[in-house]
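In: Quick one, fold the following:
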Amino acid sequence: ETPCEHVFCRECMETELDRSGKCPNCKKSISKTELKDVNRTLRGTMEKVTVKCKNHGDGCDARVKAKDLDEHLNTVCPMQEADCLF
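Out: Numbers count the residues shown, from 1 in each chain. Sure, this is the predicted structure:
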């Protein structure tokens, strides 16, 4: 959650702050240190939302609950690139 009370996933918000230093919604200047975790009730609701796979643009058509996205990416997504072991 931003100090201006807008809610985004932390990874997306940190990427945006690295790029612009502003809230994507209201454009207020903020820093990563000002971000805070959302409350438990809102987090529970957000975890139930269905999202597209992050590799959707590369051809993965999966839609999963937000809380299951990492598992999808790490175990079954056919478009997820594996880290090179060498």
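In: Which other helices and strands does the worst-scoring helix or strand of the chain on mean pLDDT contact?
Out: Ranking every helix and strand in the chain by mean pLDDT, DSSP states H and E puts helix 40-47 at the bottom, with a mean of 86. Based on contacts counted as 3 or more Cβ pairs under 8 Å, 6 or more residues apart in numbering; DSSP states H and E, there is no element that helix 40-47 packs against. Yep, even glycine has a C-beta here, placed from its N, CA and C like the rest.
In: who's in contact with the helix or strand that that helix is followed by?
Out: Read in the C-terminal direction, the helix or strand following helix 40-47 is strand 50-52, with elements assigned using DSSP states H and E. Counting by Cβ atoms under 8 Å, 6 or more residues apart in numbering, strand 50-52 makes contact with A62, R63, V64, K65, A66, L69, all of which sit outside it.
In: Show the buried residues in those.
Out: In the contacts of strand 50-52, burial by neighbour count holds for A62, V64, L69, counting by 16 or more other Cβ atoms under 10 Å.
In: follow-up on the earlier one: what is the most widely separated pair among the contacts of strand 50-52?
Out: For the contacts of strand 50-52, the maximum inter-member distance is 12.5 Å, found between A62 and A66 (Cβ to Cβ).
In: So which residues of this protein form strands?
Out: 50-52, 63-65 (DSSP state E).
In: strands paired with the first one, and their directions?
Out: For strand 50-52, the paired strands and their directions (DSSP bridges) are strand 63-65 (antiparallel).
In: Low-confidence stretches in the chain?
Out: Scanning the chain with the threshold set as pLDDT under 70 gives 83-86.
In: Which residue ranges of it form helices?
Out: Taking DSSP state H to define them, one finds helices in the chain at 10-19, 40-47, 69-75.
In: quick one on the thing from earlier: spit out the residues that contact A62 and A66 alike.
Out: Shared contacts of A62 and A66, defined by Cβ under 8 Å, 6+ apart, are absent.
In: circling back to that earlier point, looking at the strands of the chain, which is closest to V76?
Out: Nearest to V76, of all these, is strand 63-65, at 9.4 Å by Cβ to Cβ.
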